[in-house]
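Trainee: attaching a predicted model along with its sequence, questions to come.
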Amino acid sequence: MEHPSETSKEIPELWLPVPLEMCMKTYMKTYCWFTRNRLPRLAPALVVLVALAISAQLSAQDQHGYTFIEFNTPGFQDTFPQDINPRGTIVGYARSAINTGPAFVRAPNGAITTFEAPGAIVTTAFSINPAGAIAGAYLEPNNTVH
């Protein structure tokens, strides 16, 4: 028996419309392509998809290429970073559910050290300079702020 492609009789082509493309189906293969009248309608959707892909890729970086990190001060409900120096050391404060807590220093390697002023119910670190000196404040039980 002869193979169908070897006969003199041609195999009819079958056209299958699909939502985004047109296809031509022959005996052995299916050929597909975008039609000209559908491509302009896809352009806005393609622009949105490209924008979303770029946005997702850059969501963890700002315009200068800095990477955003997420961290928490162990044992506390909330962590509030306040400043970062050129070395990458971060200072701030942590608070418990009753709004008391220490200040913290997060080293560039991720190690977090908490500290409190003697007798304070709240300690806060506001800034750190390039040399690593920290400025902050603390609250005593009698509501005196230093």
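Mentor: Yep, that arrived. Numbering: from 1, shown residues only.
Trainee: CA only for contacts and neighbour counts going forward, please
Mentor: Noted.
Trainee: got phi/psi on T123?
Mentor: Here is the backbone geometry of T123 (degrees, to the nearest 10): phi -130, psi 140.
Trainee: tell me the confidence at the nearest residue to it once chain neighbours are set aside?
Mentor: Closest residue to T123 apart from its sequence neighbours, by CA to CA, 6 or more residues apart in numbering: Y138 at 4.2 Å. Y138 is assigned 94 on the pLDDT scale.
Trainee: any idea how far Y138 lies from A120?
Mentor: Using CA to CA, to the nearest Å, Y138 is found at 6 Å from A120.
Trainee: list the contacts of the residue nearest to T123.
Mentor: Going by CA atoms under 8 Å, 6 or more residues apart in numbering, Y138 touches A117, A120, I121, V122, T123, T124, V145, H146.
Trainee: ok, and the most crowded of those residues?
Mentor: Using other CA atoms under 10 Å as the neighbour test, these are led by T123, with 28 neighbours.
Trainee: right, and that residue touches A137 too?
Mentor: Yes. Look at T123 against A137 with CA atoms under 8 Å: they come within range, at 6.0 Å.
Trainee: list the contacts for A107?
Mentor: Neighbouring residues of A107 by CA under 8 Å, 6+ apart: G88, T89, I90.
Trainee: shaky segments in this structure?
Mentor: Applying pLDDT under 70 to the chain flags the ranges 1-46, 49-66.
Trainee: repeat that for 50
Mentor: 1, 4-5, 7, 11-22, 34-35 (pLDDT under 50).
Trainee: residue ranges for the helices of it, please.
Mentor: 39-58 (DSSP state H).
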